[in-house]
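Chemist: Below are the sequence and a predicted model; questions follow.
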Amino acid sequence: MRAPLFNGGGTHEPTHTSMSRRRVVILGSSGSIGESALKVARDVPERMEVVGLAANRSTAKMLAQIAEFHPKAVAMTDAACAQEVRGATTVPVLEGEEGLCELATMPEADLVLIAIIGTAGLRPALAAIEAGKDIAVASKEILVMAGETVMAAAREHGVSVLPVDSEHNAIFQCLEGRSSEQVRRIILTASGGPFRTWPATDLAKVTVEQALKHPTWTMGAKITIDSATLFNKGLEMMEARWLFDVEMSRVEVIVHPQSIVHSMVEFVDNSVLAQLSTTDMCFPIQYAVTWPERVPNRLPPLNFAMLGQLTFEAPRFQDFPALDLARWAGETGGTLPAVLNAANEIAVAAFLERRCSFPAIWQTVEKVMRAHHVIPHASLEEIVAADGWARTAAREHLG
């Protein structure tokens, strides 16, 4: 029996039977989330079978993963790399966006993990939903750009949308089937990034190397820069709004440098539930795969005596405007979240290529957002068009 995820209307019912083995397709298997998912498959093989894998250009990694996990099919988004993999394996090799969609709808799959950074996972996610597959979302852009569309499709097709981000997975665990009417606040925790204590006047001097040194997590370059600007947390605010069917006014952020409390939920009776664990993405991935059950693993437990203390502080909204920009986009809705996301992607790429300063990232995003004419309740085509417009506008602003 299938049930939607937090649509404000009831409890969760798992799509798989007790103690069953879930057959999983991993889109983005060569990235950090994908590799963590494969660690989970190694750790709990009786609960997770990898039936499909997709990557962009990492042919060596893909061939190694094929040899270890023996998937039914794989996909490479780059055509030349797909051809290279075909020449070295007998496993069917698909290619491009069409290949991702075909892999996401393969009959053998129960769950599709979307771990592709950026907007490339949106159409495969919708294809999986329409095919009746549950999806596990690690790519924020899917729900930021098209949260209304994705969640409506999930309800229509009776599938679950399971969060893999550590913060949203924590909220998912804290809610445990309670409706959104019982929630007063969703409180997302943020590490604060590497510049949490820097004076605002020094942010213009930030180098790429400094921005890529995250204090607690090991991630890809784009998401690490987003964590430094706090755009990552802004995207998570918008994602939470759709995942858990709450207004943006009920989503807040608190800085928690230790990254042990992954997020919290305050209920209408003033009780607060939090989820804690060590900083390892294998925890939320495993829970998404085995939900609603919990199974033993080899991940490190918490040692509270060694932790000593957990601290919290308010974000510096004025010095890191990403949170306010995200709230504006989330409250406005329509095409504006897609515009924020696209402009940020272009600005982050420019910063990584040393073509703009660190503060120019949020300055570019704000400039593009203010120039955009919002289309409310936008169609998927209008969202994609707004995404393209924002990328062009951001490039023009950055010169």
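Modeler: Looks like it arrived, so ask away.

Chemist: Quick one: the strands in the stretch 1-150 of the chain, in order.
Modeler: Here the stretch 1-150 of the chain has its strands, by DSSP state E, counting those that start in this stretch, at 22-27, 48-55, 73-76, 93-95, 111-114, 134-137.

Chemist: which one of these is the most hemmed in?
Modeler: strand 111-114 (a mean of 28; mean count of other C-beta atoms under 10 Å). For the C-beta atoms, the positions are set from N, CA and C on the backbone; glycine is no exception.

Chemist: tell me what that strand is packed against?
Modeler: For strand 111-114, the elements it packs on are strand 22-27, helix 32-43, helix 122-130, strand 134-137, helix 282-290, judged by 3 or more C-beta pairs under 8 Å, 6 or more residues apart in numbering; DSSP states H and E.

Chemist: right, and residue 257 touches residue 311 too?
Modeler: Yes - applying C-beta atoms under 8 Å as the test, residue 257 and residue 311 come out as touching, 6.2 Å apart.

Chemist: So between the two, which is more surrounded?
Modeler: Neighbour count, other C-beta atoms under 10 Å: between residue 257 and residue 311, residue 257 has more, with 18 against 8.

Chemist: tell me the SS of the more buried one?
Modeler: coil (DSSP: H, G, I helix; E, B strand; the rest coil).

Chemist: Would you check how far apart it and residue 191 are?
Modeler: Relative to residue 191, residue 257 is positioned 6 Å away (C-beta to C-beta, to the nearest Å).

Chemist: do residue 57 as well
Modeler: Distance, residue 57 to residue 191, by C-beta to C-beta: 30 Å.

Chemist: Between those two, tell me which one has more neighbours.
Modeler: Using other C-beta under 10 Å as the criterion, residue 57 and residue 191 rank with residue 191 on top: 21 against 15.

Chemist: per-residue confidence at the more buried one?
Modeler: For residue 191, the pLDDT comes out at 93.

Chemist: Likewise for residue 380?
Modeler: Looking at residue 380, the pLDDT reads 89.

Chemist: so what's it up against?
Modeler: With contact taken as C-beta atoms under 8 Å, 6 or more residues apart in numbering, residue 380 is in contact with 126, 146, 149.

Chemist: mind listing what the last one touches?
Modeler: Right, residue 149. For residue 149, the contact set (C-beta under 8 Å, 6+ apart) comprises 126, 379, 380, 383.
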